[in-house]
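>>> Everything below, folded, please.
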Amino acid sequence: MVTGMSSKNASLSVTALGYDHRFDLTSATWLLAGIAGVDPMFGTVGGVAWMRRLVDGTVVRYLNAREMPEDWETGWIPVNRDRPYGSPPQTAGDRAGSVKVLNPDLVLWANNLTHSLQLPDTEDLRRARRDYAPTFPAAAQAPSVQIGDLVATDVFWTGPAQAGWARNWTKYWLPASADAWGGKGVFAMSAMEDFAVAEAIQALQRARRSRGVEALLVLRAASNFVQPPPGRPASADMDLLLQPACEAAFLAGSEVVRALISRKSSALQSHAASLLQHALDCLT
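Numbering: from 1, shown residues only. Next up, the predicted model:
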């Protein structure tokens, strides 16, 4: 299914599918796959990442940089605090409304299945990452499969100031040992739809129509960096390497889909064999 761009379209599409009487999704595993902006401190264009946690970056209070206090580094403020990254630390209840924690067993299984994949490395990708070395060593590497955390916002943003906010926002909402993953948050990529899709799937779970985020995989492929290379000014225009990113998402995602189908098929065959044996036992 193509959900459509933005959180509202994605959540509505997932909800519509979940309530369509033609489908039984109560045992389904969900895979969200799409393109994203990558932090050059984390990875490079053409690379993919399986997400551990999804952080909401849309429900915030905002002060324009020209009007905020001089000692603030950003105008993006948690709705229940009076300053950026404000104290006291967010409680588990606060995080429940702003963080979606994905199933470690499922995510690690998907990563183990795909981490050695050879992803496309085109001349366009090599050219795009060339200027990031040596300041951003991760950005200068060839595309690979990684694991990280995602910030979801409906704003197309770019630039070092906003990248700094996304890194700090991720760490603020994902302190060490706050969830099943244990480690502090690592901002990997920025995208739109992920948090809203997770919300919709959880709503379907409450209606007994899905297994919830326990059965959700999020795979993002980097089509652009979230900030320009050193020495280049930030602008509204971002180089979008759509084709290699889509190819990388397909390669990693299809590997997992094939394995899921194979597992389901094996389980059905085993169940069918069990039923047959039971029928034979009854006859004898």
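>>> could you pull out the strands for the stretch 51-200 of the chain?
Applying DSSP state E, counting those that start in this stretch to the stretch 51-200 of the chain gives strands spanning 60-62, 76-78, 99-101, 145-152, 187-191.
>>> tell me the most buried of these?
Ranked by mean neighbour count, these are led by strand 187-191 with a mean of 25 (mean count of other C-beta atoms under 10 Å). For the C-beta atoms, the positions are set from N, CA and C on the backbone; glycine is no exception.
>>> Just confirm residue 125 contacts residue 38, I think it does.
No. Using C-beta atoms under 8 Å as the test, residue 125 is too far from residue 38 to be in contact (11.6 Å).
>>> okay, and the common contacts of these two?
Residues touching both residue 125 and residue 38 (C-beta atoms under 8 Å, 6 or more residues apart in numbering): 44-45.
>>> Between these two, tell me which one has more neighbours.
Ranked by neighbour count (other C-beta atoms under 10 Å), residue 125 and residue 38 place residue 38 first, with 32 against 22.
>>> Just give the nearest non-adjacent residue to that one, would you?
The shortest distance from residue 38 to any non-neighbouring residue, by C-beta to C-beta, 6 or more residues apart in numbering, is to residue 222 (3.5 Å).
>>> Is the one you found part of a helix or strand, or is it coil?
Using DSSP: H, G, I helix; E, B strand; the rest coil, the structure places residue 222 in strand.
>>> Would you mind measuring from it to residue 62?
For residue 222, the distance to residue 62 equals 26 Å [C-beta to C-beta, to the nearest Å].
>>> cool, residue 258 as well?
Taken as C-beta to C-beta, the span from residue 258 to residue 62 is 43 Å.
>>> and if you look at residue 158?
Using C-beta to C-beta, residue 158 is found at 17 Å from residue 62.
>>> Was I right to think residue 131 contacts residue 239?
No. Contact between residue 131 and residue 239 fails when scored by C-beta under 8 Å: they sit 11.0 Å apart.
>>> The two - which one has more neighbours?
A direct count of neighbours by other C-beta under 10 Å for residue 131 and residue 239 places residue 131 higher, at 16 against 12.
>>> Around the closest residue to the more buried one other than its chain neighbours, count how many other residues there are.
Leaving aside its chain neighbours, residue 131 sits nearest to residue 229 (3.6 Å; criterion: C-beta to C-beta, 6+ apart). Neighbour count of residue 229, defined by other C-beta under 10 Å: 16.
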